[in-house]
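J.: Could you look at this predicted model? Sequence included:
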Amino acid sequence: MKTTFFLIIYLIAMQVDAQSSIQLLDTTIDYDKAQRSCIQVNLDPEPQTLKNAWRDYLKDNYDFKLKGIGFLSNKDLLSAEAITINQISSNVMDFYTHIVEDENGSEMKVFVRHGYDIYINKENYPDEYNALREILESFIKYYLPKYYEGKINDTEKRVNELTKERNDLKNNIDNNSNKIEKLKNEIKQKEEALIANKTQLEIKEKKLIKRKEKLERIRIQLRKYSKK
């Protein structure tokens with residue numbers, strides 16, 4: 001039994017480690033009838049949550065607002081056209097972000113162009129491309145720890161609720177144990193509820209361990225980014 005338990009924990013840890021790697025990839029996106037250079041990152045938050053966080057971050061730090069996400073709007077492609085981001089360039093630019101769901105959370109691609117058909121890329125505009133990459137990295141460093149801390153807090157709250165519920169169920173069973181014949185049906189229901197609670201509690205406790213480990217891995221990786 002113990003061997004099986006530790007095997008399950010090991011497999012969960014391996015899965016967390018595989019999913020917690022954050023890589024900013026130099027890739028392309030099909031846009032306006034051509035392949036355009038972009039920076040891609042895959043993150044755990046679901047698309048709408050990620051879009052809102054990215055929009056708010058850019059508004060707070062770079063004073064422009066992405067269109068395509070908001071009241072009654074949830075597009076895959078978010079855009080801000082004819083803007084200036086001095087951290088990238090003093091020239092006017094169009095800023096795009098494509099966010100869609102993937103198997104773990106979201107696939108996020110960011111790309112920029114100067115006017116018609118002039119897209120910044122690693123080869124022709126290395127300084128501007130690296131500046132765009134730094135903006136995305138800064139967002140990840142700011143947002144992901146907050147995201148995982150929120151998930152951990154939610155899970156801890158649910159664990160506490162389930163623990164209290166379990167204790168209450170146990171107490172009810174103990175208090176009614178002297179009235180077995182009269183309360184037989186009620187005890188049976190409480191026992192069934194206790195079994196269901198135990199299963200939920202085990203799942204949530206494992207999820208809490210997983211998310212805490214994941215947050216630590218993310219923090220370690222982000223510290224590596226900051227040293228670059």
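T.: Structure's in. What do you need? Values in this document were obtained by computation on a predicted structure and should not be read as measured data. Numbering: from 1, shown residues only.

J.: Can you tell me the SS state at the residue positioned nearest the centre of the chain?
T.: Among the residues of the chain, P45 comes closest to the average C-alpha position under C-alpha atoms, centre = their mean, at 2.6 Å. On the three-state scheme (DSSP: H, G, I helix; E, B strand; the rest coil), P45 is labelled coil.

J.: where does it sit relative to Y116, distance-wise?
T.: 33 Å (C-beta to C-beta, to the nearest Å). Yep, even glycine has a C-beta here, placed from its N, CA and C like the rest.

J.: quick revisit: can you give me the pLDDT of the residue nearest to the centre of the chain?
T.: Model confidence at P45, given as pLDDT, is 96.

J.: again with Q23
T.: 92.

J.: What number of residues are in the vicinity of it?
T.: For Q23, the count of nearby residues is 8 (other C-beta atoms under 10 Å).

J.: I'd guessed it sits against M108; true?
T.: No. If you go by C-beta atoms under 8 Å, Q23 and M108 don't touch, sitting 11.8 Å apart.

J.: any common contacting residues for the two?
T.: A shared contact of Q23 and M108, defined by C-beta atoms under 8 Å, 6 or more residues apart in numbering, is any residue touching both; here these are 41-42.

J.: just the strands in the protein please.
T.: According to DSSP state E, the chain carries its strands in the segments 25-31, 34-43, 67-70, 73-85, 89-101, 106-113.

J.: Quick one, which of the ones you listed gets closest to V159.
T.: Using C-beta to C-beta as the measure, strand 34-43 is the one of those that comes nearest V159, at 24.8 Å.

J.: Mind listing residues that contact the closest one?
T.: Outside strand 34-43, the residues within contact range by C-beta under 8 Å, 6+ apart are 22-30, 50, 98, 102, 104-111, 113, 119-122, 129, 132-133, 136, 140, 144.

J.: Which positions within stretch 95-106 qualify as buried?
T.: The neighbour-count criterion (16 or more other C-beta atoms under 10 Å) identifies 95-99, 105-106 as the buried residues of stretch 95-106.

J.: nearest to I195, of those?
T.: Sorting the buried residues of stretch 95-106 by how near they are to I195, with C-beta to C-beta, puts G105 at the top with 32.2 Å.

J.: residues contacting that closest one?
T.: With C-beta under 8 Å, 6+ apart as the criterion, the residues that contact G105 are 42-46, 50.

J.: Quick check: closest non-adjacent residue to it.
T.: Take G105 and drop its neighbours on the chain: the residue closest to it by C-beta to C-beta, 6 or more residues apart in numbering is D44, 4.0 Å away.

J.: Which strands or helices does the top helix by length along the chain pack on?
T.: Counting by DSSP state H, the longest helix found in the chain is helix 126-176. Applying 3 or more C-beta pairs under 8 Å, 6 or more residues apart in numbering; DSSP states H and E, one finds that helix 126-176 makes contact with strand 34-43, helix 47-62, strand 106-113, helix 184-227.
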